[in-house]
Each structure stands twice: as structure tokens, then as C-alpha cells.
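**Student:** sharing a sequence plus its predicted fold:
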Amino acid sequence: MKDKILNFLLLLCVITIIISLLPLGEFKKELKQNYGKIKKEREAIEAAKPVTHKFTMNINEVELSYKTKEEILNLRKNYVNNSIFASKNYKPSEELFGQIVDGKPWIANNYCLEDGKAAIDGISMRGLPIANPELLVIIEFPYVYNSPKTEAEIKFCKHFSYMLKPKYLIYDKGRNEIEIGYEKLERNVFNGFYQLNGINARDFGYEYVYLDKNKTNAYLIYYSKDNFSNEIVKFQDFFHLGHACKQEGGCNNISPFQGKLQFKPNPDKYLYDEKIYLKLWKNRPNSPNDKADINVIFTFK
């Protein structure tokens with residue numbers, strides 16, 4: 001009798017253990033399934049992220065005054081062939097570079113007039129895009145030069161001459177972005193407006209530009225009511241012989257005046273870490289919301 005009772009109790013214990021383990025087994029099974037699902041979702045998210053490869057590049061400077069057109073175009077080819085846009089079939093666009101004139105001066109990187117004329121010796125201001133193909137868009141000051149008179153004006157003018165040289169350039173291949181770092185732009189410079197220069201963008205086929213307001217945090221004032229913040233604008237830049245330098249016979253320069261691409265920082269609103277985010281396309285998009293072919297970011301610190 002005792003053996004029967006003992007066997008019964010033992011069987012009861014085994015059954016109890018089995019029953020108690022069943023819910024735990026179901027829980028483990030469900031947990032394992034959920035873990036597998038979560039793991040797959042995470043792997044999908046990681047796979048969708050762009051692989052970021054950042055390249056920091058030097059800003060090149062070049063002297064162009066009195067060089068022949070052939071010399072300048074050969075320089076251009078050399079800079080492109082050592083850039084992210086390198087191509088054995090590259091040839092400077094005739095529409096953009098065709099009007100450069102042999103042996104003429106180029107305006108130097110100096111906004112201070114000398115005897116009523118622009119400086120032409122040394123580093124060339126308009127050589128910046130020629131020697132830096134990755135600078136798809138740059139910021140320039142396109143207006144007639146002013147003659148500083150006071151010591152403060154001369155100091156400001158000399159500083160301004162170098163303010164528009166980018167401090168750094170970073171190409172982020174994964175994000176398809178080119179970041180160009182500037183120091184803070186002067187907010188009341190000569191009562192004029194800055195202008196976007198898209199000579200490189202045009203040369204590589206990126207004809208159209210638009211300001212992405214969702215990613216731009218800088219407070220800007222625009223020259224024209226219709227501008228790159230409210231419509232898609234086509235770049236018009238090209239090199240030619242001009243007379244804004246006031247030098248006899250003129251200087252090779254960039255034109256034209258593009259009011260839709262002109263802006264200046266709002267002097268009453270200021271952020272430490274300002275950013276302008278541009279979207280570029282090779283063909284006119286149906287909407288400014290369309291994905292860009294490449295993006296250019298200006299940062300100001």
C-alpha cells in the first residue's frame with residue numbers, strides 16, 4: 001500500500017513538473033520568435049542606412065593673371081582629374097569656359113581697390129572654383145568694389161577678402177553630401193547681397209538648385225521676391241572678359257548678375273551654428289520635394 005501511495009505521489013510530482021514547464025516552454029518559444037523578428041528588423045534598418053565615407057579636402061588656390069586660355073583649361077583638367085569628379089572623358093564646358101581670353105588679368109583675392117582699380121596680382125578670386133571642382137556651389141560677393149578710406153574700412157576690406165574662402169570641404173559619399181565650411185558672413189557688407197556661384201555645378205551637369213527650408217536654420221533676406229527658397233532656379237554662371245575690374249582692356253571674370261540667387265544674413269537674427277542646405281539636380285525636378293541628385297551644405301561658425 002505504501003508503495004502504491006509512493007508511486008502515486010511520484011507520478012503526481014512528475015505530472016505537476018511537466019504541467020508547470022509547459023507555459024515556460026511556450027513563453028520561451030514566443031520569446032525566441034520575437035527575438036528573431038526584432039533581429040531581422042534591426043538588420044533591415046542597418047542595411048538601409050547609407051555607408052558613410054567622409055573625405056576632407058584641401059582648398060586649392062591658383063594664380064591665373066596673364067595665362068593663356070589653354071594653360072587655364074589644362075589646369076582645370078588637372079584639378080578635375082584629381083577630384084571626386086575625375087573622368088577620362090572630362091572636357092571643360094565650352095559654354096562655361098569658352099569666352100576666357102588669352103593673356104588677360106584676373107581679379108585678385110582682394111576687395112580693396114588700388115587707385116580705383118581692382119588688384120590683379122597674386123591669388124585669383126575667380127580661380128577658387130577652377131581649382132576646386134568639389135566646390136559645386138560657392139558664395140561670392142558680385143558687386144562693384146568699394147574704395148575704403150578709413151583705417152577701419154581698410155581693415156574690414158582686407159578681412160572680407162579672405163572671409164569668402166571656405167575653411168574646409170567634406171565629401172560624404174554615403175549621404176551624397178558636400179559640406180563647405182565658412183566663417184560667419186558679414187551681415188551688413190557694403191549694403192549688398194551675396195550670390196550663389198554654381199559654375200562647378202553647371203560644369204558637372206547640376207543645373208538646378210533649391211534651398212531645403214526643412215534643413216536650413218539660417219535666417220536669410222533675399223534680393224528678389226522670387227528666389228531659390230521658393231522656386232527651383234537654374235544656374236547661369238559662365239566665364240568671360242568683363243570690365244568691373246576697371247583695368248585697361250578688362251579682366252577675365254564670372255557673370256551674370258543672378259538676383260534669384262542673391263541673399264544676405266538677417267542682421268537682427270543670429271545663430272551660432274548656422275546652416276544653409278541646398279538640393280541640386282541635373283534635370284529640372286517635378287517638385288522641390290523630389291530627392292536631389294546631390295546636396296551642398298554651407299556651415300557657418
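**Tutor:** Arrived safely. Numbers count the residues shown, from 1 in each chain.
**Student:** list the buried residues in stretch 181-199.
**Tutor:** 181-182, 185-186, 189, 193-199 (16 or more other CB atoms under 10 Å). From N, CA and C alone the C-beta is placed, and that goes for glycine too.
**Student:** now do the end-to-end distance for it.
**Tutor:** By CA to CA, to the nearest Å, the extent of stretch 181-199 from end to end equals 18 Å.
**Student:** over to stretch 86-103?
**Tutor:** Stretch 86-103 has an end-to-end distance of 27 Å (CA to CA).
**Student:** mind listing what's buried along that stretch?
**Tutor:** Neighbour counts over stretch 86-103 (16+ other CB under 10 Å) mark 90, 92, 96-97, 100 as buried.
**Student:** please flag which of those sit within helices.
**Tutor:** Using DSSP state H, the members of those that fall within helices are 96-97.
**Student:** mind picking out the helix or strand in the chain with the poorest mean pLDDT?
**Tutor:** Within the chain, no helix or strand scores below helix 2-48, which has a mean of 56 by mean pLDDT, DSSP states H and E.
**Student:** beta partners of Ile294?
**Tutor:** Beta-bridge partners of Ile294, counted by DSSP bridges, are Leu280.
**Student:** from the buried residues of stretch 86-103, which is closest to Lys69?
**Tutor:** Nearest to Lys69 among the buried residues of stretch 86-103: Ile100, at 4.7 Å, using CB to CB.
**Student:** the closest one: what's it in contact with?
**Tutor:** Taking CB atoms under 8 Å, 6 or more residues apart in numbering, we find Ile100 in contact with 69, 72-73, 239-241, 252.
**Student:** tell me which of the residues you listed is nearest to Asp121?
**Tutor:** Asn252 (14.4 Å).
**Student:** next, the closest one: secondary structure please.
**Tutor:** With DSSP: H, G, I helix; E, B strand; the rest coil as the basis, Asn252 sits in strand.
**Student:** related to what we said a few turns ago, could you dump the contacts of Ile100 into JSON lines and include pLDDT, distance to Tyr111 and neighbour count?
**Tutor:** Converted to JSON lines, the contacts of Ile100 look like this (pLDDT from 0 to 100; distance: CB to CB, whole Å; neighbours: other CB atoms under 10 Å):
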{"residue": "Lys69", "pLDDT": "97", "distance to Tyr111": "26", "neighbour count": "17"}
{"residue": "Ile72", "pLDDT": "97", "distance to Tyr111": "22", "neighbour count": "22"}
{"residue": "Leu73", "pLDDT": "97", "distance to Tyr111": "27", "neighbour count": "17"}
{"residue": "Phe239", "pLDDT": "97", "distance to Tyr111": "20", "neighbour count": "25"}
{"residue": "His240", "pLDDT": "97", "distance to Tyr111": "21", "neighbour count": "16"}
{"residue": "Leu241", "pLDDT": "97", "distance to Tyr111": "20", "neighbour count": "14"}
{"residue": "Asn252", "pLDDT": "96", "distance to Tyr111": "17", "neighbour count": "26"}
